[in-house]
Every structure is written in structure tokens, then in C-alpha cells.
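Q: Fold the following.
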Amino acid sequence: MLLTILGCSGSLPGPQGPASGYLVEADGYRLAIDLGNGVLAALQVHCDPFSLDALLFSHLHPDHCADFTTLAVMRRYHTHPPHDTSARRLPVHAPSDAPRRFARAYAESDEELRTADLSDVFDFHPLTARPTTVGPFTITAARVDHPGECYGFRIATAGAVLAFTGDSGPCDALRSLADGADVLLSEATWTHADDRPPGVHLSGTDAGRLATDAGVGRLLLTHIAPWTDPDAVLAEARAEFAGPVEVVRQGGKYEVDEPVVRRIGGSA
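A: Okay, the predicted model is just below:
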């Protein structure tokens, strides 16, 4: 399993990088997780968007899904696509309101909204608590502690397990999703403080504690807000987790395998 960081800026795109987006590959299958602001441009550095096999959305806040509408334009209006996008609709695994939410974002007027239906080029599947097989991946989704219908994921192949927190405050669901994972890709939007609002995000301290409690092999910190010091978040996580931990960077690539997880690319 190969993880590529397409974007990792928390809450909005940063001065040098897109918001949230990740590419996970195994056995020739390409799964994109979240398409925040600027992620479609970053994706094209690594692969043709038409080569994606499925999309997975943790939730429907703009920093995780804003580029879906631009992908819809590509799939609907590209003058020479490599295949018929209506005959080969792209599976989209997402919160239950995704078809309506994306139609509202796509339509430029109330009149267009009445007829907007992106299912001509996308095949929507609402997330549930049941494990789902998507290509070589077994995906377990669980509701986490964040405003709206928001999910974290456990993504497993025969030889690797990647856990992704989505956006969340500390909660029991994260512990279950991350249990024994090779890699925990954890949001860490801000530094730790007693006056942080509950049920929104994790700190570096929270992410480190989660990694220790779940017994993960490696902790990758993402979704750090542009106004947050990433070195401070990293120091917090290292104080709570004795294993390997780092702040991800756009373009970084990680092999998620037992027994060693290797970082194999990306800017420093």
C-alpha cells in the first residue's frame, strides 16, 4: 500500500499547499481520499485523474471536498477523455448528503439546481458502519467527533493497515479504527490547550496519545492549520508517542507495510 500526500493544510489551503487530500494505491488500484481546495491540481502531478478507481470522503466541509466540482467539470466536459465517463462512472463513497451537497456546489443558479444531477458521471455510495470492499481495500468507516456527518477510516489490505482520523476531537471511535494500525494518519490542527472547543479537532498531544493507546507502528501528522506552528505540534506528539512520528508534507510518499514503513519521497 502506497500513501501519497496530495494536500495537508488544515481548515483551508496554506500559502504553499492545498487543503486535505490523499492518494492510496495497492495492486494497481487508485483510491483518492478527500479533495480539498487545490487537491485536483496536486493529483495531476502524480496521475491522470481519469485513472482514479474510487473516491472516499471523510466529510463535506470545503477543505475536504471543494475540488469535487472541478473534477465533475473534467469528467463531463473533457474533449477527449480516455474512456466514456458515463459508461464508467466513478464510485464515490461519502456521507449521505453528498449528492445534494455536491449538486448545490456545482449549480450556478436555482434553476440549474432543480435539474443538477452529477450521477451521470459519478456513482454515489453512502458510508455506513459496515466494512466495505473497494478494490483491494477493506474500508471500515466510523462516525467521529466533528460537526456534521464526519467519518474516520481504517483501510486494510492483506499486508497493511492505514488508519485516518478525518477531522475529529478525541473519541472512542478513533481508538477502535487505529487499533494496531501500521500507520496512523492523524489530524493535528492545533497545539494543546484547555480552552480549545470540544468535538472539533485534535492537538499534537491528542494525536500522540491516540497513537500510543492504539499501539500503532507510525504516526503521521496532517491537517495542521496555517496559523499553527508545526514544530510545536510535532513536539507535543513526540512527548506522548515513543514510536516514529513526523509532520507530512505535500508530495510525500509512504509505503504502508509490515514490518517497516518507509518514506520514499516528497519535499522536505
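Q: When you work out contacts or count neighbours from here on, use the C-alpha atoms and nothing else.
A: OK.
Q: show me where pLDDT drops low in the chain?
A: 258-268 (pLDDT under 70).
Q: How about the secondary structure of the residue sitting furthest away from the middle of the chain?
A: Distance from the C-alpha centroid of the chain, by CA atoms, centre = their mean, peaks at Glu111 (32.5 Å). Secondary structure, DSSP: H, G, I helix; E, B strand; the rest coil: Glu111 is helix.
Q: Report the buried residues of stretch 199-214.
A: Residues 201-214 are the ones in stretch 199-214 that count as buried (16 or more other CA atoms under 10 Å).
Q: Next: stretch 75-91.
A: Result for stretch 75-91 [16+ other CA under 10 Å]: buried residues 75-76, 85, 89-91.
Q: show me the contacts for Ser58.
A: Residues near Ser58 by CA atoms under 8 Å, 6 or more residues apart in numbering: 33-34, 64, 94-95, 150-153, 166-167.
Q: So what's the residue count around the residue nearest to it when sequence neighbours are not counted?
A: Closest residue to Ser58 apart from its sequence neighbours, by CA to CA, 6 or more residues apart in numbering: Tyr151 at 4.9 Å. Residues lying near Tyr151 (other CA atoms under 10 Å) number 27.
Q: Next one: Tyr151 relative to Gly169, how far apart?
A: 12 Å (CA to CA, to the nearest Å).
Q: Quickly list what's touching both of the two.
A: Counting by CA under 8 Å, 6+ apart, the common neighbours of Tyr151 and Gly169 are Val144.
Q: you'd agree Gly152 is up against Ser176?
A: No - the criterion here is CA atoms under 8 Å, and Gly152 misses it with Ser176 at 10.2 Å.
Q: More neighbours: the two, which one.
A: Gly152 (25 against 16).
Q: what are the bridge partners for that one, then?
A: Ala142 (DSSP bridges).
Q: which residues does it contact?
A: Counting by CA under 8 Å, 6+ apart, Gly152 makes contact with 58, 141-144, 163-167, 173-174, 177.
Q: Name the member of those that has the highest neighbour count.
A: Neighbour max across the contacts of Gly152 (other CA under 10 Å) = Thr165, 31 neighbours.
Q: How much space separates the residue lying closest to that one once chain neighbours are set aside from His61?
A: Nearest residue to Thr165, sequence neighbours excluded (CA to CA, 6+ apart): Gly152, at 4.5 Å. Gly152 sits 14 Å away from His61, taking CA to CA as the criterion.
Q: again with Asp48
A: Asp48 is 25 Å from His61, by CA to CA.
Q: count of neighbours near Asp132?
A: Careful, residue 132 is Thr and not Asp. 15.
Q: Report the secondary structure state of the closest residue to it other than its chain neighbours.
A: In this structure, Thr132 finds its nearest non-sequential neighbour in Ile139, 5.1 Å apart by CA to CA, 6+ apart. Here Ile139 is strand, with the state taken from three-state DSSP.
Q: list the contacts for Ile139?
A: 131-133, 153-156.
Q: Do you have the strands of the stretch 1-150 of the chain handy? List them.
A: Ranges of strands within the stretch 1-150 of the chain are 2-7, 21-26, 29-35, 54-56, 90-94, 122-126, 132-134, 137-143, based on DSSP state E, counting those that start in this stretch.
Q: Report all helices and strands that the fourth one contacts.
A: Think strand 54-56. On a contact count with 3 or more CA pairs under 8 Å, 6 or more residues apart in numbering; DSSP states H and E, strand 54-56 meets strand 29-35, strand 90-94.
Q: Surely Asp34 and His61 touch.
A: No - counting by CA under 8 Å, Asp34 stays clear of His61, with 10.0 Å between them.
Q: Show me which of those two is the more surrounded one.
A: Neighbour totals were compared for Asp34 and His61, and Asp34 leads with 29 against 17 (other CA under 10 Å).
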